[in-house]
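Visitor: Take a look and give me a structure for this.
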Amino acid sequence: MDFTFTEEQQAAAEAARGVFAGVAPDGVPSPALTRGAVADDFDRALWAKLAAADLLSLLLDEEFGGAGLDAVGLCLVLRESAKVLARVPLLENSAAAAAVQGYGSPELRSALLARAGRGETVLTVAANGRTGHDPAELAVTARQDGTDATGTGDGDWVLDGVQTAVSWAYNADFVVVPARTGDDRSVLAVVPREHKGVVLAEQISTTGERLGELRLESARITAPNVITADGAWEWLRALLTTGTCALALGLGERVLGMTSDYAGKREQFGHPIASFQAVAVQAADRYIDLRAMEVTLWQAAWRIASGAPGALPASGDVAVAKIWASEGVRRTVQTAQHLHGGFGADVDYPLHRYHAWAKHLELSLGPAAAHEEALGDLLAAHHLG
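Guide: You can find the predicted model right below:
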């Protein structure tokens, strides 16, 4: 395999660096010091700039105004966004739109994709299940009116259940909700935020961002707005997880850079602390973590983008990437806090914001232990097969 980035992928990353160049997390209050969310909405001005730079339509085909790039291109842009803690639903909107494009009905693609690529319609995904630890597709049941004995039909779908910690739930126009049918199939329902039977309750994340508990009470969704294709949710979940790894990598790289700058200037006993062996060794260990996070990220993104066959399904590569992302980003911010000393706890200094985001990314879509268990199950099944 060749992990050399194409000219189009490099151009997307360069455009992202230009858009994010003026964004800084400084000045945002500590989540611990606020009574509610740090903000009621995402950064709409930044969202408009991303749309103007065609960075919201990376995964869409030309017919929908997109660039036709793949998961690798998206991850390059997400990596840059995390370096400045960009408060935009870039991952959720892009991944949801890509799932609609790949698996949705012609009516749904026509209604949503071009507008999502221009930033006019915002999509998010309910991916955390009822508690944040159980499979998201099991948290909501879906049945179709007029079903026959086999559970199939062509009427409206009726959804019941609860999805917790839905990112940007109060700001998105549509939430893509995985659900389980009576015959044990997974479907994806594109649910309008303001819709009969849809109830939101505010939740605050570790980062201080506003999340929503999404409660569906016999919410009726028309058949064209429900994706029933096999593998749609599994593909979307893999892309979301890999995108989370890209965010963790970008955040970790920025934090290690901050730590390097600080250690080079902070003097103790008449010398910069960067010259002390104990400091250098810790920084070197975190550099190794980041490089491992990077190579496993590109392996997972490449498998999703190419659909390349292998001894194990792409979910194995995604699990490995998330294990490294979760553990690596946690170790990186902990080392940064340690080497920064008191500055690491100063809410006027941005490191505390990176630490909060790192903890959120570590646990999002499953911590390392959950993916280690999933990887073990894959290996056992492959061995037995």
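Visitor: where does this protein dip in pLDDT?
Guide: For the chain, the stretches flagged by pLDDT under 70 are 1-2, 26-34, 147-154, 308-312, 383-385.
Visitor: for stretch 340-353, the distance to its chain's centre please.
Guide: When distances are taken as CA atoms, centre = their mean, to the nearest Å, stretch 340-353 is centred 25 Å away from the chain's centroid.
Visitor: where do the helices sit along the protein?
Guide: All helices of the chain, identified by DSSP state H, fall at 7-20, 44-52, 71-83, 90-103, 106-117, 232-265, 277-306, 314-340, 351-363, 368-384.
Visitor: Format those as CSV; extra columns: mean neighbour count and distance to residue 221.
Guide: Where you see a C-beta, it was placed from the backbone N, CA and C, and this is true even at glycine. Below are these laid out as CSV (neighbours: other CB atoms under 10 Å; distance: least, CB to CB, whole Å):
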stretch, mean neighbour count, distance to residue 221
helix 7-20, 17, 33
helix 44-52, 16, 26
helix 71-83, 25, 27
helix 90-103, 24, 14
helix 106-117, 19, 11
helix 232-265, 23, 15
helix 277-306, 18, 27
helix 314-340, 24, 27
helix 351-363, 22, 29
helix 368-384, 14, 29
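Visitor: right, so of these, which gets closest to residue 134?
Guide: helix 368-384 (10.4 Å; CB to CB).
Visitor: Of all the helices of the chain, which one is nearest residue 172?
Guide: Of all these, helix 90-103 sits nearest to residue 172, with 7.5 Å by CB to CB.
Visitor: In terms of secondary structure, what does that closest one contact?
Guide: helix 71-83, helix 106-117, strand 123-125, strand 174-181, strand 186-192, strand 226-227, helix 232-265 (3 or more CB pairs under 8 Å, 6 or more residues apart in numbering; DSSP states H and E).
Visitor: export stretch 88-107 as CSV, just CAs?
Guide: Taking C-alpha atoms only, stretch 88-107 is exported to CSV below (Å, rounded to 0.1, in the frame of the first residue of the first chain):
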residue,chain,number,x,y,z
VAL,A,88,-17.9,22.9,14.1
PRO,A,89,-19.7,19.6,13.2
LEU,A,90,-17.3,18.9,10.4
LEU,A,91,-16.9,15.2,11.1
GLU,A,92,-20.6,14.5,11.8
ASN,A,93,-21.9,16.5,8.8
SER,A,94,-19.3,15.0,6.4
ALA,A,95,-19.8,11.4,7.5
ALA,A,96,-23.6,11.6,7.5
ALA,A,97,-23.6,13.1,4.0
ALA,A,98,-21.3,10.4,2.8
ALA,A,99,-23.6,7.7,4.2
VAL,A,100,-26.6,9.3,2.5
GLN,A,101,-24.7,9.5,-0.8
GLY,A,102,-23.6,5.9,-0.6
TYR,A,103,-26.7,4.2,0.8
GLY,A,104,-29.6,6.6,0.7
SER,A,105,-32.6,6.9,-1.6
PRO,A,106,-32.5,9.2,-4.7
GLU,A,107,-35.1,11.5,-3.0
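Visitor: Ends of stretch 264-283, what's the gap?
Guide: 12 Å (CA to CA, to the nearest Å).
Visitor: Mind listing residues that contact that stretch?
Guide: With CB atoms under 8 Å, 6 or more residues apart in numbering as the contact definition, stretch 264-283 has outside contacts at 256, 259, 260, 263, 335, 338, 339, 341.
Visitor: The third one and residue 279, how far apart?
Guide: Which is residue 260. Relative to residue 279, residue 260 is positioned 10 Å away (CB to CB, to the nearest Å).
Visitor: who touches stretch 94-113?
Guide: Applying CB under 8 Å, 6+ apart, the contact partners of stretch 94-113 are 56-61, 64, 66, 74, 116-117, 121, 123-125, 174, 176, 188, 190, 224-225, 227, 229, 231-232, 235-236, 239-240, 243.
Visitor: wait, I meant stretch 129-144
Guide: Taking CB under 8 Å, 6+ apart as the rule, stretch 129-144 contacts 126-128, 151-165, 177-182, 186-187, 189, 216, 223, 226, 233, 237, 363, 370.
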